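Using only what follows, build the 3D model:
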Amino acid sequence: MEIFGEKLLLSRISVNDLDFICRLECDKNLWCFEEDVPSDEQVVREKYLHKINESDQTSSYDFIVSIATDKRKTPIGLAQVWSYIEYRKSWEIGYAILPEYGGKGYGSEAATLLLKFAFEHLHAHKVVGMCNSNNTRSVSLMKHIGMTKEAVFKEELFWQNQWTDQYYFSILEKEFFAN
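Next up is the predicted model:
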């Protein structure tokens, strides 16, 4: 499965992507606003291999982000959408773009493509995104793609040896299509 954007291509992950995913997921610099970053690439490999091999995977979609004009499909990031609360038709998005590709709108486009996929193909009613309150780039991105900050989970995350807030953003199907 592939999702084409203006500048990007999102391709469903495959076994060929595992080395990239393991390096990405275990990069503490890339995930500097997360409470916990895995350090064992083998554990990450097994987790994603299991996801790839699930025959009826309908609760989580993982995509490699690449530049649309790159014939080699060099990975520049990861974009994900997973079921947040199934019976409410709520989905959550997550994304990471390698720092050397930052500031070019790739994160915004990848997140917008995830929203479009969630609303058009997964028939989501609502899509949410959460981030550390100190992650100003993620906050800006979610606002930029039309999400609204609905809540502040006070001292939700234990980050850098202190409690910090987590922001909760969302967008409804009707809001997405109104734009």
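
what does the lowest-mean-pLDDT helix or strand in the chain contact?
Evaluated with mean pLDDT, DSSP states H and E, the helix-and-strand set of the chain has its lowest mean pLDDT in helix 41-53, which scores a mean of 92. Outside helix 41-53, the residues that touch it by Cβ atoms under 8 Å, 6 or more residues apart in numbering are 13-15, 17-18, 21-23, 25-26, 38, 57, 60, 62. For the C-beta atoms, the positions are set from N, CA and C on the backbone; glycine is no exception.

Just the ones in strands from those, please.
Of these, the ones assigned to strands by DSSP state E are 60, 62.

Let's have the contacts of helix 41-53 in JSON lines, adding neighbour count and pLDDT.
Formatted as JSON lines, these follow (neighbours: other Cβ atoms under 10 Å; pLDDT from 0 to 100):
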{"residue": "Ile13", "neighbour count": "21", "pLDDT": "95"}
{"residue": "Ser14", "neighbour count": "10", "pLDDT": "94"}
{"residue": "Val15", "neighbour count": "11", "pLDDT": "95"}
{"residue": "Asp17", "neighbour count": "20", "pLDDT": "96"}
{"residue": "Leu18", "neighbour count": "17", "pLDDT": "96"}
{"residue": "Ile21", "neighbour count": "22", "pLDDT": "96"}
{"residue": "Cys22", "neighbour count": "19", "pLDDT": "96"}
{"residue": "Arg23", "neighbour count": "14", "pLDDT": "94"}
{"residue": "Glu25", "neighbour count": "20", "pLDDT": "95"}
{"residue": "Cys26", "neighbour count": "16", "pLDDT": "95"}
{"residue": "Pro38", "neighbour count": "16", "pLDDT": "94"}
{"residue": "Gln57", "neighbour count": "13", "pLDDT": "67"}
{"residue": "Ser60", "neighbour count": "13", "pLDDT": "92"}
{"residue": "Asp62", "neighbour count": "20", "pLDDT": "95"}
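
For Lys174, state which of the contacts of helix 41-53 is nearest.
Ser60 (24.6 Å; Cβ to Cβ).

which SS class is the residue nearest the centre of the chain?
When Cα atoms, centre = their mean is applied to the chain, the residue found nearest the centroid is Gly94 (1.9 Å). With DSSP: H, G, I helix; E, B strand; the rest coil as the basis, Gly94 sits in strand.

Where do the helices of the chain begin and end?
18-25, 41-53, 106-120, 136-144, 173-178 (DSSP state H).

With respect to burial, which of the ones you listed scores highest?
helix 106-120 (a mean of 22; mean count of other Cβ atoms under 10 Å).
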